[in-house]
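1. coordinates only, no sequence provided:
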């Protein structure tokens, strides 16, 4: 219970950081962390099915974002680095405020349902996940494949070398 | 029946008018010749028709359906109007042929002259109310045309006349429609047989029809164009239309309404009679008060043309036989002496070049014949025995006194003021000192004198020998309308008490004149002491500034209204084009400014939106 | 095998097959465009003359709503492919464009046929990924920026939707529409309501409704012209609006969502229109106009009545037609005149009469001027609003039409009417690859409007018969 709450707050913090981060690179890292935290949360709340997909889909997406970001960003000059370092706390105080607000909301408003009765303790979680992936959710698997195909196109198009001609 | 003489006397003058328009101004003598010839033939036709008016002659052509037939019917009263109108047409055409010869739109004037005769014939003969209205309204067109070709700015007066008469004609039109819907017919003949009751809608119809009729005759409150037209329009127009034709037609229709349609004499004590009598008395007094202070020959006459209508309305409104006979007789007399007066004014204007009383004076020696004609007509209008006006006025007094003494007092007071103002006019124009520039003024040409002399002669003739017009024209009207009457003709009036009253009024008028002249030293100043009397002075001042002119007041209200609408329009424009557009563009600019391209800002918006959304959903669930 | 290739399956497998075949080293790259064109025509054909309905793999189904959407998808994809042929000069770029459009079609076709929340999410993602790449296709800075914004906002939406799916799974143990809806009806408060809120917020981000719209103007403006047609015409409508309609229709949210949708719709209409009024860039203006028009659809949906849903779907179809047409016009203008800045254009109607006329038709339809198609759908929306007891929102919808007319007339005056601006004397009418879609869309706009008495019974009303 407490762990769930901590993970959730961590996720919210990461998400807010993703929003507030000045550099794209940090923003996408923060996003990756947020989605990982979400997957963890879902997994802990006995939703392995959703967790698996969150992780896989977001991982695919984040890869694309990551690569495109890296290809876009220019290294900072030392002056810029110094300026940013000096101003780092100024930028992050809204993060703290937001985090506090979200915490209060979470604690006040949400009553988490009792978890754990959805799956028997003895069940092999890995086997269940495997079954789910290959038997019950074929359609989504098909979708995943198409999405990856699209991602491949993205990488091919966006990161191909310029034609010399 | 197409070739009926009834049709001829409408179509023929109209065709001659068209011919005159075609002939144009090039061959000078031809126009005048055509005019006089056409009027003469019109006069002859009218005479011939009047002879037949004992028999009932009618033309009925199917026309528009819905009861709107082209129906002409010659009856006695119509024949009388026909003859009177045509007679004035002949005389005044002769006068115009000289007076208008040099005018740049002479042919137009002549054409309108003939059109007016045709329309007058049409009104006198029409049996269907819609036909009557058609001719009645088309008179408005020629009226407009004749005023508009006068002085430089005459079109303003023409518009004023058109608006005022148009409004009263609309009243009449509504009245006709009401009568038509009440009785299911528009035929005057049928309506005369059936009669219309004076209650409810019938009463409303009566008021509307009377307003239309008396406004044509020139009664208040739609009278204010006449004094303006007197100054602006060509003079023969004044002698022909407001002095003669419109009086004839207006009183003709008023008499038809009162005697035939609503049958007032059968119940003389109802409100309608008092409505008419009050209207008449007020018209007499207000117009004559205005006439008294005028300083212009024609304008003064114009106010009298209004004032005298009051006597006719009062007379007919009494609904007793003496009053009715007096009213209709006064209509004829008035047409005579007022045309004569206008014609004398025209002669003075033509010979002396002005009608301003301050510049005139002492013309008696220069223009003796004009003076004599003027004197006869003035005595007639003032009710001096033994001229025709005296006899008709005595009859009206008789009728008025039999209803209420106040009506009689108003009428006699009117007489007093009329006499006072004509003493002033005559004194100012024909007596006193001859101005230096008027030394060479000569008598008017014969063609202008003849009509005046003929009319003045009739004024004298219809005085002691009033038997002639009364028996020929007026008694049969009452007979036809079924009004009981006693003969009241003869050189000696029946009511000697009334004659005494009249004589006292005349003597007082003479004394008043003497006082006024003594006070100021000139004839034109004879009414100054009344003009500048304590309370009256204020009213006169405002009246001269046209505070009481419904047209001017209405125009001011309309102008104010149009300014108000203009600013309202500007305001709405500003609201839509200025304020609304400004706010829209401001909002647009704010929204544009807030979209600064920052991704984090957009994400924050989305998150805030999502938070609110979820908060709301959770709260309401 | 025969069963495996029934219509729903064809609609997702055929484009995928086309992509695979042209990318294999068989020398068939030239066939990509033909494949796209044929497939989109085939899709429209089957949707107009719908064969007996069958259920495909994994419960893929076509009903009235899906049918309208599939028809719109085929139409816009067809237009977009032809426009790409006419305006993208680089051959390789064009080839990739066709592939991505086909992939996006796989995503959209699947999205409108699935009956499962998680599958819905997956197909939304397919469409989105294809769209990111389409936006960034030219690898120019503003394209990458637009794609990046879309990506970030989509990630937020993704997180929300996935959380919602997870919560629903937790609460009901199911993800298929029918079963979730059934569970929701039994007792919906607490977690399911939270899930519904999250899902709707995610979908509104995808749909670009105010205040979730930040990505949309940049993405539409920065995308290659042909991609803008696809994005503005159909992508956001399927990924966001369609999903919203579907979930509302299946009773996934209950009635608590109505006020939210009404408010979001009205705010979108007004804010979008106001923002569009101040734009200089042709396509950016169209993007804000899209936000405004999506507002109408959301507003109509917010009534929660059958008529409201009909109005929403009908307007969605009309919007796909006239907004594609406007983007095609923008494409033609930029292609010929070399700029989208409306202040540097003027008098083009003399040089490009067909485009100018089509633009007039499209803008009048958007503003809701009778008898064009847009008038009828707006009328249905306003009637639905009024009948469901929201006269104020109805008034907003009517008055916003004035704003719509204002910004579009301003556009028309600045771009097409008036005196020909200096330097544009050499401009010619767009080529046939652009004119054919222009004419087709113009005819549809006018035809649907004029033939509404027939259309209403046979096409519009069946939309809500699920």
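-> That came through, no problem. Source: prediction; values computed, not measured.
2. neighbours around the residue of the stretch 251-400 of chain C found nearest chain B, how many?
-> Nearest residue of the stretch 251-400 of chain C to chain B, counting by C-beta to the nearest C-beta: residue C:278, 3.9 Å away. Glycine gets a C-beta too; all of them are placed from N, C-alpha and C. For residue C:278, the neighbour count with other C-beta atoms under 10 Å in any protein chain shown is 22.
3. ok, now which ones touch it?
-> Counting by C-beta atoms under 8 Å, 6 or more residues apart in numbering or on different chains, residue C:278 touches B:585, B:588, B:589, B:591, B:592.
4. put the buried members of these into a PyMOL selection.
-> In PyMOL, selecting the buried portion of the contacts of residue C:278, with burial taken from 16 or more other C-beta atoms under 10 Å in any protein chain shown, looks like this:
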select buried, chain B and resi 588+591+592
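5. run through the contacts of residue C:278 and flag the ones next to chain C.
-> Taking C-beta under 8 Å from any C-beta of the partner chain as the test, chain C is in contact with B:585, B:588, B:589, B:591, B:592 out of the contacts of residue C:278.
6. excluding its backbone neighbours, what's nearest the fourth one?
-> Nearest in space to residue B:591, with sequence neighbours left out and distances taken as C-beta to C-beta, 6 or more residues apart in numbering or on different chains, is residue C:275 at 4.4 Å.
7. turn the ones next to chain C among the contacts of residue C:278 into a markdown table, columns for distance to residue B:249.
-> Output for the ones next to chain C among the contacts of residue C:278, formatted as a markdown table (distance: C-beta to C-beta, whole Å):
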| residue | distance to residue B:249 |
| --- | --- |
| B:585 | 65 |
| B:588 | 68 |
| B:589 | 71 |
| B:591 | 73 |
| B:592 | 74 |
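8. between these, which is closest to chain A?
-> The nearest one, if we look at the ones next to chain C among the contacts of residue C:278 relative to chain A and count by C-beta to the nearest C-beta, is residue B:591, at 21.5 Å.
9. grab the nearest non-local neighbour of the closest residue to chain A within the stretch 301-450 of chain B.
-> At 90.8 Å from chain A, residue B:306 is the closest residue in the stretch 301-450 of chain B, using C-beta to the nearest C-beta. Ranked by C-beta to C-beta, 6+ apart and with sequence neighbours excluded, the top spatial neighbour of residue B:306 is residue B:287, at 3.8 Å.
10. element containing the one you found, please.
-> Here residue B:287 sits within helix B:271-292, counting by DSSP states H and E.
11. how far off helix B:271-292 does the helix or strand following that helix point, in degrees?
-> Helices and strands here follow DSSP H and E; after helix B:271-292, the next one along the chain is helix B:297-318. Angle of helix B:297-318 versus helix B:271-292, following axes from the mean of the first three to the mean of the last three C-alpha atoms, to 10 degrees, is 160 degrees.
12. the lowest-mean-pLDDT helix or strand in chain B pairs with which strands, parallel or anti?
-> When the helices and strands of chain B are scored by mean pLDDT, DSSP states H and E, strand B:57-61 comes last with a mean of 73. Using DSSP bridges, the strands paired with strand B:57-61 are strand B:70-74 (antiparallel).
13. so the very next helix or strand once past the partner strand versus strand B:57-61, what angle?
-> Where DSSP H and E defines the elements, the next helix or strand beyond strand B:70-74 is helix B:76-99. Here the directions of helix B:76-99 and strand B:57-61 differ by 90 degrees (the same axes, to 10 degrees).
14. so how far is helix B:76-99 off the chain centroid?
-> 17 Å (C-alpha atoms, centre = their mean, to the nearest Å).
15. again, but for stretch C:346-362
-> 23 Å.
16. got a list of contacts for it?
-> C:322-323, C:325-326, C:328-329, C:332-333, C:336-337, C:372, C:412, C:414-421, C:424-425, C:427-430, C:435, C:438-439, C:441-442, C:445-446.
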